[in-house]
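Asker: Here is a sequence with its predicted model. Questions after.
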Number of protein chains: 2
Amino acid sequence: MAATIKDVARMANLSIATVSKYINGGHVIDANRVAIEEAIRQLDYRVNTMARGLKTRRTKSIGVLIPSVRMIFCMDMISAIEDELSREDFSTLICDCQGRPEQEERKMAFLLEKQVDGVIMMPSSSSSVAARMALAAGIPLILVDRPLPDIAADSVLVDNMTLAKAATTELLRAGHQRIGVICGPEDIYTTKQRLSGYYEAYEADNTQVASDCISFSDYSLEGGYKSLEKLMSLTEPPTAVLATNYETTIGAIMAINRAGLRIPGDLSFVGFDGLDMSTLIKPELTMALQPVQQIGEQAAKLLLGRLTANNKSDSGKSSIYGSDADMIPKREIMLAGKLTQGSSIAKMKI
Amino acid sequence: MAATIKDVARMANLSIATVSKYINGGHVIDANRVAIEEAIRQLDYRVNTMARGLKTRRTKSIGVLIPSVRMIFCMDMISAIEDELSREDFSTLICDCQGRPEQEERKMAFLLEKQVDGVIMMPSSSSSVAARMALAAGIPLILVDRPLPDIAADSVLVDNMTLAKAATTELLRAGHQRIGVICGPEDIYTTKQRLSGYYEAYEADNTQVASDCISFSDYSLEGGYKSLEKLMSLTEPPTAVLATNYETTIGAIMAINRAGLRIPGDLSFVGFDGLDMSTLIKPELTMALQPVQQIGEQAAKLLLGRLTANNKSDSGKSSIYGSDADMIPKREIMLAGKLTQGSSIAKMKI
DNA sequence: CTGAAAGCGCTTACAG
DNA sequence: CTGAAAGCGCTTACAG
């Protein structure tokens, strides 16, 4: 049988109120502190999180809802979120939709059932039903990677447009005109943003976009492989290719190698999100990097901030407008990516 | 303010005991059932998991402790575990050691602090300290992928030896004598097992192992790439290569393509755990597949089984030998892998 | 089948 | 700084 605060109080010859105060960071006189600490040690006492939660109305757990666990981007982000949250003693419940967007509502329902204190969500589609569920439950919601129409929630996004534009511009400057781009699914936010960047670069350069060089994929390794093959089988293949996520970058490189093409001799190439590949691929790739770690960190911090705000408002008088937290304007954090300088881009003779 | 069981009882004109009984699957007369259901619907009532947990002494959450979130094997397994557990309304707390085995104890402490009902653990090293912590806390522990010395816990393992032996035998039968093998870290269980299988195949074939063809890696994409390069730069390179996990398989293929080698013309190849690559790589690879999904499923089921056993013993009289669950003999589930038939192995003329 | 009551292990005003 | 007491929202014998 695990020890309770009662046992500790008895052993320390104090009331449970005093022990509780100590546990929660309050001041007790030194002699008592020592006695409590000793009792806790001897009894191997741990706070019962459920009893505490019943009083505080907090589970100290947060839900993370993502499209799939099989995307490096998601996992790296989650790792950062978990790290940040566990520092504040929050646990992380991860739910993935296993690539099936229609699972999203079911998974959100599960998280709400589990009474998480907040949710960090990377939307699986443009449906905002799941997001609304969180909002209706009255808990803070943070959107990452993709915003949602009509959902007023804090969000952490990457400036994909500028990042893709920079990558494309780099290629255009080297004299490439037909630049293949391996995109994600056509209707997804990041795809649109990255493609916009691609277009903008062309426009700024006063060059005509070769629309047959735009290839959509499912953001998978396989998808990248196939897109690359398709691009290179055009009657007039591109002289450069830009992949737009980690998996398609790997897939494209596999296909490039497979086809016996050399980078940058036969084909210039810009990858995406594959920092760990830099030591591996020769020559070193020029790559567009998202600050994945930072995304997770910021999302966790935003959420923690909302929870603190909620706490404060609870102990104060409640406003007729809802909790104070609701009154903090929604924040949209837009993070900048960066382009590494590799040597995978060949200058074209014009 | 969320509705409580009291509100439901009031609205349904019943006692909370009756409502509680209904909620927990007990029988109530039809008219009352209808009234309760209606009240629950109208109030959007949800059971407060903490109040319930305080009584039942169960959090209905389980911890999963893995070495790193950046291994496809881990993620696929977790996805299966989560799926299985959520069916029984258990939530899954995932902790990864971020590749640093020394984090394992800290993460286990976190899970225990959160009072998970059980832990599924894939050991990060041969240290059994973390495992002992779970045992000391009196909760069921399931080991997956790797056993631990002196830890009597249920485990779910794959028969790696037989699987690697089958793969190597296939290569030997095709007439290959110098078979490169890309292993994981030298001191890890799966590495040892897979390497044993490799040796056994040679022994059964009465062939001398070419020990310079054995290359250890860190099981990463980069590691696979480098191992392949190293093997092919031997004065007498292998004529066939066997990779022993997903990441090294991808890395090796990248290096093979990069070197302009053809499979199986220039090099025969057997991959590991990359079912999703089969449609991608041409020719189709011969691959050694672990039943990843099944591993997760079995682990979850074993754990659920232990929890049920614990439940029963709690309501009965407790044995002087501890709970009944302790008396169920430890189970070791050994799953078989399988070898796919691809066309990535060339027959050697002898 | 139903209900009154105790109690799970905490936190939190409120006195002192 | 410390303690007595109420109460968070449930479940669970125990009567009826």
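Answerer: Sure, I can see it. Numbering: from 1, shown residues only, chains lettered A, B, ... in the order given.
Asker: C-alpha from now on. contacts and neighbour counts both.
Answerer: Will do.
Asker: ok, residue A:214 touching residue A:182?
Answerer: Yes. Between residue A:214 and residue A:182 there is a contact at 6.5 Å, judged by Cα atoms under 8 Å.
Asker: Who has more neighbours out of these two?
Answerer: Applying other Cα atoms under 10 Å in any protein chain shown to residue A:214 and residue A:182 shows that residue A:182 carries more neighbours, namely 30 against 20.
Asker: Give me the residues contacting the helix or strand hosting the more buried one.
Answerer: Taking DSSP states H and E as the criterion, residue A:182 maps to strand A:179-183. Contacts with strand A:179-183, where a contact means Cα atoms under 8 Å, 6 or more residues apart in numbering or on different chains, come from A:168, A:171, A:191, A:194-195, A:210, A:213-219, A:224, A:227-228, A:231, A:238-244, A:248.
Asker: Now a PyMOL select for only the buried ones of these.
Answerer: Restricted to buried positions by 16 or more other Cα atoms under 10 Å in any protein chain shown, the PyMOL selection for these reads:
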select buried, chain A and resi 168+171+191+194+195+213+214+215+216+217+218+219+224+227+228+231+238+239+240+241+242+243+244+248
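Asker: Can you pull the residues of chain A lying near DNA strand C?
Answerer: A:2-6, A:16-17, A:20-21, A:23-24, A:45-48, A:51-52, A:54-56, A:315 (Cα under 7 Å from any atom of the strand).
Asker: Go back to these and keep what's next to DNA strand D.
Answerer: Among the residues of chain A next to DNA strand C, proximity to DNA strand D is found for A:16-17, A:51, A:54-55 (Cα under 7 Å from any atom of the strand).
Asker: Which secondary structure state is assigned to residue A:94?
Answerer: strand (DSSP: H, G, I helix; E, B strand; the rest coil).
Asker: What score does it have for pLDDT?
Answerer: pLDDT, residue A:94: 93.
Asker: quick revisit: now, which of the ones next to DNA strand D among the residues of chain A next to DNA strand C lie within helices?
Answerer: Counting by DSSP state H, those place A:16-17, A:51, A:54-55 in helices.
Asker: For residue A:302, give its distance to residue A:333.
Answerer: According to Cα to Cα, to the nearest Å, residue A:302 and residue A:333 sit 9 Å apart.
Asker: And the helices in chain A?
Answerer: Secondary structure of chain A (DSSP H): helices at A:5-12, A:16-23, A:30-43, A:49-56, A:72-87, A:104-113, A:129-136, A:160-173, A:189-204, A:221-232, A:246-258, A:292-315, A:324-327.
Asker: ranking those by burial, who's on top?
Answerer: Highest mean neighbour count of the helices of chain A: helix A:246-258, a mean of 25 (counted as mean count of other Cα atoms under 10 Å in any protein chain shown).
Asker: so what pLDDT did the closest residue to DNA strand C within the stretch 151-300 of chain A get?
Answerer: Here the residue of the stretch 151-300 of chain A nearest DNA strand C is residue A:300; by Cα to the nearest atom of the strand that distance is 22.4 Å. Looking at residue A:300, its pLDDT reads 97.
Asker: so where's chain A uncertain?
Answerer: A:1, A:275-276, A:278-282, A:310-328, A:350 (pLDDT under 70).
Asker: Geometric centre of it: which residue is closest?
Answerer: Compute the mean C-alpha point of chain A, and by Cα atoms, centre = their mean the closest residue is residue A:77, 4.3 Å away.
Asker: how about residue A:143, what does it touch?
Answerer: For residue A:143, the contact set (Cα under 8 Å, 6+ apart) comprises A:120-123, A:153-156, A:299.
Asker: Quickly list what it is bridged to.
Answerer: Per DSSP bridges, the residues bridged to residue A:143 are residue A:121, residue A:155.
Asker: Looking at chain A, what residue ends up closest to DNA strand D?
Answerer: For chain A, Cα to the nearest atom of the strand, closest residue to DNA strand D: residue A:28, 3.1 Å.
Asker: thinking that residue is in contact with residue A:17, fair?
Answerer: No. Applying Cα under 8 Å as the test, residue A:28 and residue A:17 come out as separate, 11.0 Å apart.
Asker: So what touches stretch A:245-261?
Answerer: A:71-73, A:182, A:184, A:219-229, A:243, A:262, A:267, A:271-274, B:253-254, B:257-258, B:260.
Asker: Now the one residue in the stretch 1-150 of chain A that gets nearest to DNA strand C. Nearest residue, chain neighbours left out?
Answerer: Closest residue of the stretch 1-150 of chain A to DNA strand C, Cα to the nearest atom of the strand: residue A:5 (3.3 Å). The spatial neighbour of residue A:5 that comes closest, neighbours along the chain excluded (Cα to Cα, 6 or more residues apart in numbering or on different chains), is residue A:16 at 6.2 Å.
Asker: My guess is the one you found contacts residue A:4. True?
Answerer: No. With contact defined as Cα under 8 Å, residue A:16 does not reach residue A:4; the gap is 9.6 Å.
Asker: Contact partners for the closest residue to residue A:6 other than its chain neighbours?
Answerer: Distances taken as Cα to Cα, 6+ apart place residue A:16 nearest to residue A:6, at 5.9 Å, with adjacent residues excluded. By Cα under 8 Å, 6+ apart, the contact set of residue A:16 is A:5-6, A:8-9.
Asker: How about the contacts made by the closest residue to residue A:285 other than its chain neighbours?
Answerer: Closest residue to residue A:285 apart from its sequence neighbours, by Cα to Cα, 6+ apart: residue A:342 at 4.6 Å. Residues near residue A:342 by Cα under 8 Å, 6+ apart: A:283-287.
Asker: do the same with residue A:4
Answerer: Per Cα under 8 Å, 6+ apart, neighbours of residue A:4: A:45-48.
Asker: What of residue A:121?
Answerer: A:64-66, A:131, A:141-144.
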